[in-house]
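In: sharing a sequence plus its predicted fold:
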Amino acid sequence: MSDKNEKRKNFISYPEEVLRPVKNYLSKRLFGLEKRKKELTKEDPYADKYRLDDNAAMDADAAETTGHMEVSALKKTIDRRTIQIRKALSRIKFGKYGVCERCGKMIDTDRLMIMPETTVCIDCERKREK
Ligand SMILES: [Zn+2]
């Protein structure tokens, strides 16, 4: 028995037929997030302030600021999700999907069903929140 085989015994990777729909789902979500971000960039009153200067429908400066802050917050959320999904996708690619990136244990399948983009197990998530 080589070391490689020993390691394989402890590591259960998901079969291709399980990973494929997950991969598709995550890819679709990633695509949606990127699209949403592009739309947000357009919606951001600061982004195209000059282009909209002539627009009579444009609200006062205060409204612009609120809009900009909301857009920024949304963008941050989208960025975080995008990074998370990319991470999960790369773990699928390297055959590490479903394995906690912190402790190396298998992530609960129920947890993966609800949050397919997760890369940490529930214990590590809890530790992180503290
Ligand atoms: Zn863990």
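Out: Alright, I've got the coordinates.

In: need the phi and psi values for the closest residue in space to R36 that isn't next to it in sequence.
Out: Nearest residue to R36, sequence neighbours excluded (Cβ to Cβ, 6 or more residues apart in numbering): I78, at 6.0 Å. For glycine as for every other residue, the C-beta is placed from the backbone atoms N, C-alpha and C. The phi/psi pair for I78 (degrees, to the nearest 10) reads phi -60, psi -40.

In: how far away is I78 from the ion?
Out: For I78, the distance to the ion equals 26 Å [Cβ to the ion, to the nearest Å].

In: distance check, that residue against T66.
Out: 19 Å (Cβ to Cβ, to the nearest Å).

In: check K38 and give its pLDDT.
Out: You'll see K38 listed with a pLDDT of 92.

In: tally up the residues packed near it, please.
Out: For K38, the count of nearby residues is 10 (other Cβ atoms under 10 Å).

In: now for it: which residues touch it?
Out: With contacts defined as Cβ atoms under 8 Å, 6 or more residues apart in numbering, K38 has no neighbours.

In: looking at I78 and T66, which one has more neighbours?
Out: I78 (16 against 12).

In: tell me the contacts of that one?
Out: So I78 contacts L33, R36, K37, L40 (Cβ under 8 Å, 6+ apart).

In: which ones among these lie within strands?
Out: Judged by DSSP state E, the subset of the contacts of I78 located in strands is empty.

In: neighbour-wise, which of these leads?
Out: Most surrounded of the contacts of I78: other Cβ under 10 Å gives L33, at 19 neighbours.
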